[in-house]
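1. here is a sequence together with a model predicted from it:
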Amino acid sequence: MEIACVIDDRLATPARPGRAGGPWPGRAELADPLAAAEATEGFVRALEGIGAAVESERAGEAFFAVDGLRGIHGGSTATVLDVARCAAEETLDRPLRLAAGRTRLAAYLAAAEWPRPAPVAALRDRLGVPDREADEFLEALAQLGIETLRKLARLSSDQLADRFGPLGLRALRLCRGEEEPLRPRAPYEELSEQIDLPEGTAGRQLTRALELLVDRLLAVPARRGRTLLGLRLGAVLAGGGSWSVDQGLGRPSASPAVLRTVLLPRLEELPGPAEALHLRALGFGPPASDQLQLSVGGSEPRRRRLRDAVREVRAAQGPEALLRILPVDAASRVPERWGMLTPFPEL
């Protein structure tokens, strides 16, 4: 299998080769991770649009298998890369780095233009461990005189396992091209909502804003009653920059109470006041009606009928046909801040 790597220098923050072959930051730490995640989503969707099954686990970087695309786009790897480059660059309106190799690591080294022989520093972001642990591992290799991937690949598994344990064995497998298969994501539709916040929003008001955002996301007609598999909560910070975090749900759900329960603790991670909140669906599960729900007192048939009625009204009259009042700031002197209209939830 031949694997292609796509890198956007303005979004990705891996170590990059310096003039002497050592690592230096490709750019300063990205101050706007929400924008990076959205831009990455854009070019990944563009790659999926040409038929690629894409794996993307960090901002500004993506991998896909070339083999199945040759017959569609001209029969050669070079042609596939040209088509992928045009599609991705049209989305971002800036040049990207693309290259192909036998493994993820080989494709990444070529796309990032590491020198040959590549230094062991190229493994830093590919080991699947925290940065500090990776740095300590690379420093220990340097002290032992193991400066390149070629030298590392010549060592035996017993030598690395005895000195570094599982981390050393993973590094050795990467150098020898023994990687696990690609894990392409399942393409999903665009489903996101954003709400602007008044200056000074915090505490209970921020919680209410999140509740409103969840209600709006679940009321979008494009969801078509399906459950959600994960969410990305983001914020535009009042002091500049942004913040975002991905939240898995454990099991498919379309319950507003469940979504609020898993997202509310993440608000405590906000690094500063926010002027906007953003919520994006990260994949869909089966329709909510397909899930079995247990209830006490025989209330489930009534809830099911009410849910069906809500969907029918929205289908006929639009997403704003059924609203409820969400209390926001009862102590405010401005009546308009006492409450907000939010879509009625699908119970």
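-> Good, I have the coordinates. Note that this is a predicted model, so its numbers are computed, not measured. Numbers count the residues shown, from 1 in each chain.

2. which residue is the nearest non-sequential neighbour of Leu92?
-> Among residues not flanking Leu92 along the chain, Phe43 sits closest, at 5.7 Å (Cβ to Cβ, 6 or more residues apart in numbering). For every residue, glycine as well, the C-beta is placed using N, CA and C.

3. can you pull the contacts of that neighbour?
-> Contact analysis of Phe43 by Cβ atoms under 8 Å, 6 or more residues apart in numbering lists Val6, Asp8, Ala62, Ala87, Ala88, Thr91, Leu92, Leu96.

4. return the subset of these lying in helices.
-> Using DSSP state H, the subset of the contacts of Phe43 located in helices is Ala87, Ala88, Thr91, Leu92.

5. how about the nearest residue to the first one, chain neighbours excluded?
-> The shortest distance from Ala87 to any residue that is not its chain neighbour, by Cβ to Cβ, 6+ apart, is 4.3 Å, and that residue is Ala46.

6. that neighbour reaches Val83, doesn't it?
-> No. In this structure, Ala46 is not within contact of Val83 by Cβ atoms under 8 Å, at 10.4 Å.

7. looking at the two, which has the bigger crowd around it?
-> Ala46 (21 against 18; other Cβ atoms under 10 Å).

8. can you give me the buried ones in the helix or strand harbouring the more buried one?
-> Secondary structure from DSSP states H and E places Ala46 in helix 33-49. Buried residues in helix 33-49, counted by 16 or more other Cβ atoms under 10 Å: 33-41, 43-48.

9. do the same with stretch 68-85
-> So for stretch 68-85, counting by 16+ other Cβ under 10 Å, buried means Leu69, His73, Thr77, Val80, Leu81, Val83, Ala84, Arg85.

10. can you show me the helices along the stretch 201-347 of the chain?
-> Remark: helices assigned in the stretch 201-347 of the chain by DSSP state H, counting those that start in this stretch are 204-219, 256-267, 300-317.

11. rank these by pLDDT, which is bottom?
-> Comparing mean pLDDT across the helices of the stretch 201-347 of the chain, the weakest is helix 300-317, with a mean of 65.

12. counting neighbours, what do you get for Val245?
-> Around Val245 there are 17 other residues, counting by other Cβ under 10 Å.

13. OK, contacts around it?
-> With contact taken as Cβ under 8 Å, 6+ apart, Val245 is in contact with Arg232, Leu233, Gly234, Arg266, Glu269.

14. chain center to stretch 55-74, what's the gap?
-> Here stretch 55-74 is found 17 Å from its chain centre; the criterion is Cα atoms, centre = their mean, to the nearest Å.

15. now the end-to-end length of it.
-> Its start and end residues considered, stretch 55-74 measures 23 Å (Cα to Cα, to the nearest Å).

16. could you list the low-pLDDT ranges of this structure?
-> Scanning the chain for pLDDT under 70 picks out the ranges 12-32, 187-189, 200-202, 288-308, 310-321, 324, 326-342, 344-347.

17. break it down into its structural domains.
-> Following automatic domain parsing, one gets these domains for the chain: 3-175, 192-343.

18. contact partners for the nearest residue to Gly230 once chain neighbours are set aside?
-> In space, Gly230 comes closest to Leu282 once its chain neighbours are excluded; the distance is 3.7 Å by Cβ to Cβ, 6+ apart. By Cβ under 8 Å, 6+ apart, Leu282 lies in contact with Tyr188, Leu228, Leu229, Gly230, Leu231, Arg232, Asp246.

19. what's the ChimeraX syntax to select whichever of these are buried?
-> ChimeraX command restricting the contacts of Leu282 to the buried ones, with burial defined by 16+ other Cβ under 10 Å:
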select :188,228,229,230,231,232
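
20. closest one of the contacts of Leu282 to Arg170?
-> Asp246 (23.4 Å; Cβ to Cβ).

21. skip the chain neighbours and tell me the closest residue to that closest one.
-> Arg232 (5.1 Å).

22. among the contacts of Phe43, which one lies nearest to Ala161?
-> Using Cβ to Cβ, the shortest approach to Ala161 within the contacts of Phe43 belongs to Ala62, at 31.9 Å.

23. bridged to that closest one, which residues?
-> Under the criterion DSSP bridges, Ala62 forms beta bridges with Val6.

24. tally of neighbours for it?
-> Number of residues near Ala62 (other Cβ under 10 Å) recorded here: 28.

25. before we move on, the earlier item: so can I have a markdown table of the contacts of Phe43 showing distance to Ala53?
-> Shown next, in a markdown table, are the contacts of Phe43 (distance: Cβ to Cβ, whole Å):
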| residue | distance to Ala53 |
| --- | --- |
| Val6 | 13 |
| Asp8 | 19 |
| Ala62 | 11 |
| Ala87 | 14 |
| Ala88 | 15 |
| Thr91 | 18 |
| Leu92 | 20 |
| Leu96 | 18 |
